[in-house]
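K.L.:
Build me a structure from this.
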Amino acid sequence: MTIKTIFYSYTGVTRDIAEKVKSECGGELIEVRAVNPYTKFTAYAKGCLRAIMGEPDAVEPSTIDVSASDIIVIGTPVWAFRAAPPVNGAVQALTGCEGKTAVIFATCGAEAKDTLLHLAETLEAKGVHVAEQVVLDRDDVLDKEKVGVLIAAVKSAVASSAPFPEPLVTPPAM
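P.N.:
The predicted structure follows:
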């Protein structure tokens, strides 16, 4: 099973969680970056407004091909109770995602509200089945058990996507 963990991290918190997913579950990390990076001022003044409106940023990489992946993991910080605009750009950049399974997570200061609901709707419109949604607040990201919930969700998605083995019993000859 191949896993691609795609994330944007403004402060490094989401990156740390994505790295833990890779460490425990394997796969490839893809960090998206806004083509026009945010400053502390523009993150609040411009980024939060774009997040509320669900707008995507132009990102690098500009195309993210997941056709060879079995599971997609997407991580976002919460900006104004929505996915950060670079994550919206990453979802827009996905190719080969139809029929794939995803686990999505959000990191936030206190509350994510409908962040993952909106992200899941966007992914499902692209033909992606969202199997699990996990929110980690500022305390959760430091709690091994809470991060373990995300790791378990990814492992469960991998197990659910595994092809069934061939039967070991040979049918009787006629």
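K.L.:
make it CA atoms for all contacts and neighbour counts henceforth
P.N.:
Noted.
K.L.:
Gln92 reaches Pro56, doesn't it?
P.N.:
Yes. Here Gln92 reaches Pro56: they are 7.4 Å apart, a contact under Cα atoms under 8 Å.
K.L.:
where's the most centrally placed residue in the chain relative to Gln133, distance?
P.N.:
Geometric centre of the chain, nearest residue: Ile74, 0.8 Å, by Cα atoms, centre = their mean. Ile74 sits 10 Å away from Gln133, going by Cα to Cα, to the nearest Å.
K.L.:
Give the intersection of the neighbour lists for these two.
P.N.:
Counting by Cα atoms under 8 Å, 6 or more residues apart in numbering, the common neighbours of Ile74 and Gln133 are 103-105.
K.L.:
Most neighbours out of these, which is it?
P.N.:
For these, the largest neighbour count, defined by other Cα atoms under 10 Å, is 27 neighbours, found at Ile104.
K.L.:
That residue sits in which helix or strand?
P.N.:
strand 101-107 (DSSP states H and E).
K.L.:
Within the sheet, what are the partner strands of that strand, with directions?
P.N.:
strand 71-79 (parallel), strand 129-136 (parallel) (DSSP bridges).
K.L.:
got a list of what the closest residue to Lys126 other than its chain neighbours touches?
P.N.:
Setting aside the residues directly before and after it, Lys126 is nearest to Glu98 in space (Cα to Cα, 6 or more residues apart in numbering), at 6.2 Å. Contact analysis of Glu98 by Cα under 8 Å, 6+ apart lists 126-128.
K.L.:
For Glu98, what is the enclosing helix or strand?
P.N.:
In the assignment (DSSP H and E), Glu98 maps to no helix and no strand.
K.L.:
Contacts for the strand holding Ile104 next, please.
P.N.:
Residues contacting strand 101-107 (Cα under 8 Å, 6+ apart): 13-14, 70-78, 83, 112, 115-116, 120, 128-138, 141, 150, 153-154, 157, 161.
K.L.:
mean confidence score for the helix or strand encompassing Val154?
P.N.:
Element membership for Val154, per DSSP H and E: helix 144-161. Averaging pLDDT along helix 144-161 yields 95.
K.L.:
Give the other helices and strands that that helix contacts.
P.N.:
Secondary-structure packing of helix 144-161 (3 or more Cα pairs under 8 Å, 6 or more residues apart in numbering; DSSP states H and E): helix 13-25, strand 71-79, strand 101-107, strand 129-136.
K.L.:
I'd like these laid out as TSV, including mean pLDDT and distance to Asn36.
P.N.:
Formatted as TSV, these follow (pLDDT from 0 to 100; distance: least, Cα to Cα, whole Å):
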stretch	mean pLDDT	distance to Asn36
helix 13-25	98	19
strand 71-79	98	17
strand 101-107	98	22
strand 129-136	98	27
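K.L.:
Of all these, which one is nearest Thr2?
P.N.:
Thr2 sits nearest to strand 71-79 of all the helices and strands packed on helix 144-161, at 6.4 Å, using Cα to Cα.
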